[in-house]
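Asker: here are the coordinates; sequence isn't available:
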């Protein structure tokens, strides 16, 4: 750690010109609400050197939240590295040097722990003390809570800084949390509200891009969020796996990768068994939160529509057919006949309606999907607890019709990622407590694989669903080993032939995987930004 820190401190990097900060003072009794303090934190971190050394050149230092320069206003630059200017800003802000910031993170790999240690040293160099800790358990609940008062707080989350990421389905997702009452860390920014509305109220890319440019400029100027770096996703496969021509894509989400046609070489007992990671450690996660990250999200649950490897909607999955009206305000789809859940119960339009209404009440529902749900007629009323049902959802046999109160530019994308749940298993459950239901110890879905056995913190086995509507998968069994988002045991399992397919976002894994003769690695470009969330609300 000391070697890397010395490299960072010694590097003479050209710092970007300091932008004029709109509100050059704290807006409450939390000093992190002072933009000078947040700017100082940005200037204290030598991301260029960290990317070249710790991340071995596989991380791209970030300029804005999105990686597309076309979304930046003219003249916007990265914050750069300037520790002397950081010290000056802290002095101007009257920074309390005795305060120790609480940094949290949820990646359990060693590289992340090393990164935390480097950042700790760089912040200490300018006079900011920081300690860091790994979040465990229900991480979503620990990072997503929003204050009842979106202007004055106090904060719901119990930390100062969060090292996390945004893996976006669409560019709006980088900014939608800036809508009124949606941000866990930033008091309402009035000038952001009409811009968030602008990029969500039009399907015109130029109208959207104009909004992105303005929002990127506001965020960069005030360091409401500190983007750190962009990275690729790396799909790995052993020589035992054959996709039989099916494509590679953005594995963090659901897309048609044709897994029912994949084959794997038989083991010594003649069984077609494949190993992967991304099994649960303590409980199966609700599929509305992280969409395709975990093994069960991909293969135990089916989505209503489906996307291609770029996540472009291409047709129906559970839906036999669908239609979106010319004005974008009415979306209808008809479910395939004979769909069933893994327990043999029929999958119905009522299941879908209940799932949409319930997801609108769950605070950890993925933001882009939530934005779609809230635009349905009556969606906001259900989310606010003022109604039990959405007035805009109608059912006629297998056909579900969804009417929108306002245009949603990503309706097809959202439905290509939305997996319904079996309503019968959740009778009487409070949507706010749905993740705590016993269902998540052994979930029942409608996808190509069903849970055979689940031993938390040991393994999960999946077997083909015999009544799957697209046919029976050719792999006899998938053995999934538990991991978090950033598998600390990946290299060890791959070397022991216990990782036949999966993906990693940790650049440090790639050289080790490529050195193994039986492993293949395929890089995929994705919208993925790692960043610091800075809690600017007052703390109790």
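Answerer: Received it, and whenever you're ready, just let me know what you need. In this text the structure is predicted, and so the values were computed from the model without any measurement. Numbering: from 1, shown residues only.
Asker: Please settle this for me: is residue 531 part of a strand?
Answerer: Yes: under DSSP: H, G, I helix; E, B strand; the rest coil, residue 531 falls within a strand.
Asker: And the closest residue in space to it that isn't next to it in sequence, how close does it get to residue 164?
Answerer: Leaving out its chain neighbours, the residue that sits closest to residue 531 by Cβ to Cβ, 6 or more residues apart in numbering is residue 227, at 4.7 Å. Backbone N, C-alpha and C define where each C-beta goes, glycine included. Relative to residue 164, residue 227 is positioned 11 Å away (Cβ to Cβ, to the nearest Å).
Asker: Tell me which stretches of the stretch 351-500 of the chain form strands.
Answerer: Secondary structure of the stretch 351-500 of the chain (DSSP state E, counting those that start in this stretch): strands at 393-396, 399-403, 449-455, 459-464, 477-482.
Asker: And the first one, what's buried?
Answerer: Burial within strand 393-396, assessed by neighbour count using 16 or more other Cβ atoms under 10 Å, is assigned to residue 393.
Asker: Secondary structure element holding residue 142?
Answerer: Assigned by DSSP states H and E, residue 142 belongs to helix 139-144.
Asker: Name the residues that touch that helix?
Answerer: 104, 106, 135, 157-158, 162, 164, 184, 285, 289, 363-364, 435, 533 (Cβ atoms under 8 Å, 6 or more residues apart in numbering).
Asker: hmm, back to that, I'd like to know which of the strands of the stretch 351-500 of the chain lies nearest to residue 57.
Answerer: Of all the strands of the stretch 351-500 of the chain, strand 477-482 sits nearest to residue 57, with 28.9 Å by Cβ to Cβ.
Asker: which helices and strands sit right next to the closest one?
Answerer: For strand 477-482, the helices and strands in contact under the criterion 3 or more Cβ pairs under 8 Å, 6 or more residues apart in numbering; DSSP states H and E are strand 273-279, helix 295-299, strand 459-464.
Asker: Any chance of JSON lines for those, columns mean neighbour count and distance to residue 90?
Answerer: Output for those, formatted as JSON lines (neighbours: other Cβ atoms under 10 Å; distance: least, Cβ to Cβ, whole Å):
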{"stretch": "strand 273-279", "mean neighbour count": "23", "distance to residue 90": "41"}
{"stretch": "helix 295-299", "mean neighbour count": "25", "distance to residue 90": "43"}
{"stretch": "strand 459-464", "mean neighbour count": "20", "distance to residue 90": "48"}
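Asker: hmm, back to that, among the contacts of helix 139-144, name the ones in strands.
Answerer: Using DSSP state E, 104, 162, 164, 533 are the members of those that sit in strands.
Asker: what's the burial count for the second one?
Answerer: Read that as residue 162. For residue 162, the count of nearby residues is 22 (other Cβ atoms under 10 Å).
Asker: so what's it bridging to?
Answerer: Legend: beta-bridge partners of residue 162 under DSSP bridges are residue 104, residue 533.
Asker: Tell me how far it lies from residue 155.
Answerer: 12 Å.
Asker: now the third one
Answerer: Taking Cβ to Cβ as the measure, residue 164 falls 16 Å from residue 155.
Asker: repeat for the first one
Answerer: Note on residue 104: its distance to residue 155, by Cβ to Cβ, is 13 Å.
Asker: circling back: shared neighbours, residue 162 and residue 155?
Answerer: What both residue 162 and residue 155 touch, as defined by Cβ under 8 Å, 6+ apart, is the set 185, 535.
Asker: domain assignment for the chain?
Answerer: 2-232+528-534, 233-300+447-522, 304-424 (automatic domain parsing).
Asker: how far is the last one from where the chain is centred?
Answerer: Same thing as domain 304-424. Using Cα atoms, centre = their mean, to the nearest Å, the mean C-alpha position of domain 304-424 is found 20 Å from that of the whole chain.
Asker: measure it end to end?
Answerer: In domain 304-424, first residue to last residue: 19 Å (Cα to Cα, to the nearest Å).
Asker: what number of residues lie near the residue nearest to residue 504 when sequence neighbours are not counted?
Answerer: In space, not counting the residues next to it along the chain, residue 504 is nearest to residue 234; the distance is 5.2 Å by Cβ to Cβ, 6+ apart. Look at residue 234: counted by other Cβ under 10 Å, it has 21 neighbours.
Asker: correct me, but residue 376 touches residue 394?
Answerer: No: between residue 376 and residue 394 there is no contact under Cβ atoms under 8 Å: 11.1 Å.
Asker: Now list whatever residues contact both of these two.
Answerer: residue 403.
Asker: okay, and the helix or strand of this protein with the least pLDDT?
Answerer: Ranked by mean pLDDT, DSSP states H and E, the weakest helix or strand in the chain is helix 2-10, scoring a mean of 37.
Asker: What helices and strands are in contact with the following helix or strand past it?
Answerer: Sequence-wise, the next helix or strand downstream of helix 2-10 (DSSP H and E) is helix 35-44. Helices and strands touching helix 35-44, as assessed by 3+ Cβ pairs under 8 Å, 6+ apart, comprise helix 83-93, helix 110-126, helix 205-222, strand 225-231, strand 528-534.
Asker: How far off centre is the longest one?
Answerer: Using Cα atoms, centre = their mean, the mean C-alpha position of helix 205-222 is found 21 Å from that of the whole chain.
Asker: Going by neighbour count, list what's buried in it.
Answerer: In helix 205-222, counting by 16+ other Cβ under 10 Å, buried: 208, 210-222.
Asker: residues making contact with that helix?
Answerer: Contacts of helix 205-222 (Cβ under 8 Å, 6+ apart): 19-23, 35, 38, 63-66, 70-73, 76, 79, 171-172, 175, 178, 189, 191-192, 195-196, 198-199, 202, 224-225, 409.
Asker: how about a cut-off of 7 Å?
Answerer: 19, 21-22, 35, 64-66, 70-73, 76, 171, 175, 189, 191-192, 195, 198-199, 202, 225 (Cβ atoms under 7 Å, 6 or more residues apart in numbering).
Asker: Which of these fall in helices?
Answerer: Those of the contacts of helix 205-222 mapping onto helices are 35, 195, 198-199, per DSSP state H.
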